[in-house]
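*Asks:* here is a sequence together with a model predicted from it:
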Amino acid sequence: MRTVLTVVGARPQFIKAAPLSPRIRERFREVLLHTGQHYDRELSGAFFTELSVPVPDVNLGVGSGGHAARTGAMVRGILETAEDVRPDGILVFGDTDTTLAGAVAARRAGIPLAHVEAGLRSGNPAMPEETNRIAADHLSDVCLCPTARAMENLEAEGIGERGRRVGDVMLDACLSAREKIREGPLRRAGVTPGRYVLATVHRAENTDHPARLSAVLAGFARLGEPVLFPIHPRTRKALDRLPEGLPDNVVPLPPAGYLDTLSLIAR
């Protein structure tokens, strides 16, 4: 039986792997490698549990650290795993540092590479994710695209022949999880369905600039509805540095798992 080495490491990749991994295992031996890029129980471990993602066969545990050192450790660990399990192909998702490391390792080892969510572009070269997704596409043998626009982006970059339009795996994840969503987070927040705003703020472009983060909070205050605000650890640290605190209409919540987030979005 042929072997696929699936490389994940960040929360969005756990979600993408949830609907895909069982299908892979119907036809192939899958070895699931977790780089440990997102490694905390509150934000990451629960994703494996609630989405029934298989327990990783390998966990590199790279954790936090500088970008170069962390990415280098991922590449080294993926190469060592590939040498051990001898996969027929490597599968990566999205646009994280884990994605880039998996792509570099596959090319270095001479193993065919497939990239899920290929062809997506923000048009903003300053985003680290933009560099990662472009590099992964150009290193891939097969680019699995969610949209026609993604296929057009590959054509424009001269690698259109590698593209396959397969649809959006995040839609697959949402549809497969919708029967599991529950009302618990809404009851805990004490708000009325349909009468609240759900907000997340965690990108460095917002959290690492006090004036920008203060402007976001001021925008929340003007909304006139309760704002449910699951607070990412990065955001929590940034909020602690602001003098004004949260507006009165903001309901702070702990970081939400995928199913709780779907529940809050649906209502």
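*Replies:* Cool, the structure landed.

*Asks:* quick one, what contacts the nearest residue to Ala150 once chain neighbours are set aside?
*Replies:* Take Ala150 and drop its neighbours on the chain: the residue closest to it by CB to CB, 6 or more residues apart in numbering is Gly119, 2.9 Å away. In short, each C-beta sits where N, CA and C put it, glycine included. By CB atoms under 8 Å, 6 or more residues apart in numbering, the contact set of Gly119 is 137, 143, 145-147, 149-154, 163.

*Asks:* find the helix or strand that Gly119 is a member of.
*Replies:* Assessed by DSSP states H and E, Gly119 sits outside every helix and strand.

*Asks:* and for the one 5 residues further on?
*Replies:* Per DSSP H and E: Asn124 is located in neither a helix nor a strand.

*Asks:* can you give me the mean pLDDT across stretch 208-219?
*Replies:* Across stretch 208-219, the average pLDDT comes to 95.

*Asks:* residues in contact with it?
*Replies:* 201, 205-207, 235, 238-239, 241-242, 244, 246-247, 250.

*Asks:* let's go with 6 Å and repeat that
*Replies:* 201, 206, 238, 247 (CB atoms under 6 Å, 6 or more residues apart in numbering).

*Asks:* looking at the residues you listed, spot the one nearest Pro12.
*Replies:* Val201 (16.7 Å; CB to CB).

*Asks:* neighbours of the closest one, how many?
*Replies:* Neighbour count for Val201, taken as other CB atoms under 10 Å: 19.

*Asks:* now do the contacts for the closest residue to it other than its chain neighbours.
*Replies:* Spatially, and ignoring its direct neighbours in sequence, Val201 is nearest to Thr235 (5.4 Å; CB to CB, 6+ apart). By CB under 6 Å, 6+ apart, Thr235 lies in contact with 201-202, 207.

*Asks:* name the element Ala105 belongs to?
*Replies:* helix 97-109.

*Asks:* kindly report the same for Arg195.
*Replies:* With DSSP H and E as the test, Arg195 turns up in no helix or strand.

*Asks:* chain neighbours aside, what residue packs nearest to it?
*Replies:* Glu225 (6.3 Å).

*Asks:* look up phi and psi at the one you found.
*Replies:* Main-chain dihedrals, Glu225, degrees, to the nearest 10: phi -130, psi 160.

*Asks:* longest helix in this protein, please.
*Replies:* helix 67-85 (DSSP state H).

*Asks:* what angle do that one and helix 97-109 make?
*Replies:* Counting by axes from the mean of the first three to the mean of the last three CA atoms, to 10 degrees, helix 67-85 lies at 50 degrees to helix 97-109.

*Asks:* what sits opposite Val7 in the beta ladder?
*Replies:* Leu33, Val92 (DSSP bridges).

*Asks:* so it touches Gly102, yeah?
*Replies:* Yes - between Val7 and Gly102 there is a contact at 3.8 Å, judged by CB atoms under 6 Å.

*Asks:* shared neighbours, the two?
*Replies:* Val92.

*Asks:* where does the stretch 1-150 of the chain have low pLDDT?
*Replies:* 38-48, 64 (pLDDT under 70).

*Asks:* ok, now with 90
*Replies:* Applying pLDDT under 90 to the stretch 1-150 of the chain picks out residues 1, 10-12, 36-55, 61-69, 126.

*Asks:* Asp168: neighbouring residues, count only.
*Replies:* Considering only other CB under 10 Å, Asp168 is surrounded by 15 other residues.

*Asks:* list phi and psi for it.
*Replies:* Taking degrees, to the nearest 10 as the convention, Asp168 sits at phi -100, psi 110.
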